[in-house]
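Novice: Provided below for reference: sequence and predicted model.
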Amino acid sequence: MKSEKTTGGAIGLDVGTSRICVAREDNGGFQYRTELNAFVTIPYSKMTANVMKKENIPHAVQDGEIVVHGNESEKFADLLNVDIRRTMTAGLLSPSEPESLNMMRQILSSMLGEDGPRKLFFTVPAPPAGAQDSLTYHEATIRQILTDLGFEVRSVNEGLAVIYSELEASNYTGIGVSCGGGLCNVCMAYLSVPVLSFSVPRAGDYIDSSAASVTGERADRIRLLKEESFHMNGFFNDKVQQVLGVYYDEMIRSLVEALREALTGAKSLPRLGRPIPLVLSGGTTLPAGFRERFEKILKEANLPVPISEVRLAAEPLHGSAKGALIAALTDF
């Protein structure tokens, strides 16, 4: 999976519930662009539309409203004291958001542009329990949007993309975990071949909504507090911080238990001969102390597969997109 052995350009695209990340090659390294996978509507005025155009704020005018999407949507939602609207929920296109397809197309078109490489790998989650049909629709729809934008596309499992990004030193043998907004995705691979993958629905959005229901805050406000100041070490006098700690702990325990059950119930795991690494990626892993807390709970679980180390991805927000890019550079 080494990109330096390849020629030609490509794009890696991580289509996440909370954020969308685009990865490209840049002078032998990697360049990333990340935007919130969200939007908000504000009343139309010609003055506002003109100012947004001058400021290069991604937006569209439709049905007498201005639709602001990407990172700027968060600022306007906070200003108007409303929650941002999402194109996706629980890792898949949202069935309850009528504008999900239209806005997904606009966000991707804005981020990917019309110039540059036209070969692209995009991430898809492992199917959540009982949601295989929804995953099929989600993957086919994203593929069609990207094809209509002029790309030659393939998909890659999100957890496997983390392995491509972070586990070259172990010949892509190990476990990749991507903790995003809608899902936690897990993949185990042997020499780059996926042997086990699954997802669990308790992830960043679960933490936000659960904490919001207890504290009375908006979920978006909880997410901002979580991303700006939360850490997992110590006791908190602040109620929001304390509640976040409770639900983070519950999420990690749920994820570790699902991993233990999946490994225990697997019919044919490879004979590894040595312990394997586990790497954590995704925005939900960012709070200080997350890795240490995950490792502690993992050790208590007594997995049937020995783990050599638990570490964070070099750039947790970009790990899946980077892995998708490496796959595209290698396999196209």
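Specialist: Cool, the structure landed.

Novice: now the strands: where do they sit in the stretch 151-300 of the chain?
Specialist: For the stretch 151-300 of the chain, the strands defined by DSSP state E, counting those that start in this stretch occupy 152-157, 174-179, 184-190, 193-200, 276-281.

Novice: how's the chain carved up into domains?
Specialist: 3-37+87-331, 38-86 (automatic domain parsing).

Novice: what's near enough to touch the nearest residue to residue 243 once chain neighbours are set aside?
Specialist: In space, and not counting its chain neighbours, residue 243 is closest to residue 211: 4.7 Å by CB to CB, 6 or more residues apart in numbering. C-beta: built from backbone N, CA, C; applies to glycine. Applying CB atoms under 8 Å, 6 or more residues apart in numbering, we find residue 211 in contact with 217, 222, 226, 240, 243, 244, 247.

Novice: now these in JSON lines, with distance to residue 293 and pLDDT?
Specialist: Below are the contacts of residue 211 laid out as JSON lines (distance: CB to CB, whole Å; pLDDT from 0 to 100):
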{"residue": "217", "distance to residue 293": "23", "pLDDT": "89"}
{"residue": "222", "distance to residue 293": "19", "pLDDT": "90"}
{"residue": "226", "distance to residue 293": "15", "pLDDT": "87"}
{"residue": "240", "distance to residue 293": "18", "pLDDT": "89"}
{"residue": "243", "distance to residue 293": "16", "pLDDT": "93"}
{"residue": "244", "distance to residue 293": "12", "pLDDT": "94"}
{"residue": "247", "distance to residue 293": "13", "pLDDT": "95"}
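
Novice: where are the low-confidence patches of the stretch 1-150 of the chain?
Specialist: 1-8, 129-131 (pLDDT under 70).

Novice: would you list every one of the helices in it?
Specialist: In the stretch 1-150 of the chain, the helices defined using DSSP state H, counting those that start in this stretch lie at 46-54, 71-80, 100-112, 132-148.

Novice: Surely residue 301 is in contact with residue 254?
Specialist: No: the criterion here is CB atoms under 8 Å, and residue 301 misses it with residue 254 at 11.5 Å.

Novice: Give me the distance between residue 121 and residue 317.
Specialist: 18 Å (CB to CB, to the nearest Å).

Novice: what about those two, which has more around it?
Specialist: residue 121 (28 against 20; other CB atoms under 10 Å).

Novice: my read: the more buried one touches residue 154, true?
Specialist: Yes: look at residue 121 against residue 154 with CB under 8 Å: they come within range, at 5.4 Å.

Novice: anything in contact with each of those two?
Specialist: Contacts common to residue 121 and residue 154, judged by CB under 8 Å, 6+ apart, are 327, 328, 331.

Novice: TSV please, covering those residues and showing neighbour count.
Specialist: Shown next, in TSV, are the shared contacts of residue 121 and residue 154 (neighbours: other CB atoms under 10 Å):
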residue	neighbour count
327	25
328	29
331	13
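
Novice: wait, which of the residues you listed is closest to residue 20?
Specialist: residue 328 (16.1 Å; CB to CB).

Novice: which stretch of helix or strand covers the closest one?
Specialist: Per DSSP states H and E, residue 328 falls inside helix 319-331.

Novice: in that helix, what's buried?
Specialist: 319, 320, 321, 322, 323, 324, 325, 326, 327, 328, 329, 330 (16 or more other CB atoms under 10 Å).

Novice: what does stretch 14-31 give?
Specialist: 14-25, 30.

Novice: Farthest-apart pair in these, please.
Specialist: 17 and 25, at 26.3 Å, using CB to CB across these.

Novice: Quick one: residues contacting the closest residue to residue 43 other than its chain neighbours.
Specialist: Spatially, and ignoring its direct neighbours in sequence, residue 43 is nearest to residue 65 (6.6 Å; CB to CB, 6+ apart). Residues in contact with residue 65 (CB under 8 Å, 6+ apart) are 41, 42, 43, 44.

Novice: Got a quick ChimeraX command for the buried subset of those?
Specialist: To isolate the buried subset of these in ChimeraX, counting by 16+ other CB under 10 Å, use the following:
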select :41,42
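
Novice: List just the nearest of the contacts of residue 65 to residue 9.
Specialist: For these, with residue 9 as the reference and CB to CB as the criterion, the closest is residue 41, at 35.7 Å.

Novice: which residues pair with the closest one across the strands?
Specialist: Following DSSP bridges, residue 41 is listed with bridge partners residue 67.

Novice: residue contacts, it?
Specialist: Residue 41 touches 65, 66, 67, 68, 85, counting by CB under 8 Å, 6+ apart.

Novice: what's the nearest residue to the last one if we skip its chain neighbours?
Specialist: Looking back up the chat, that one is residue 85. residue 39 (5.5 Å).

Novice: correct me, but that neighbour touches residue 87?
Specialist: Yes: at 7.5 Å, residue 39 and residue 87 qualify as touching, with contact defined as CB under 8 Å.
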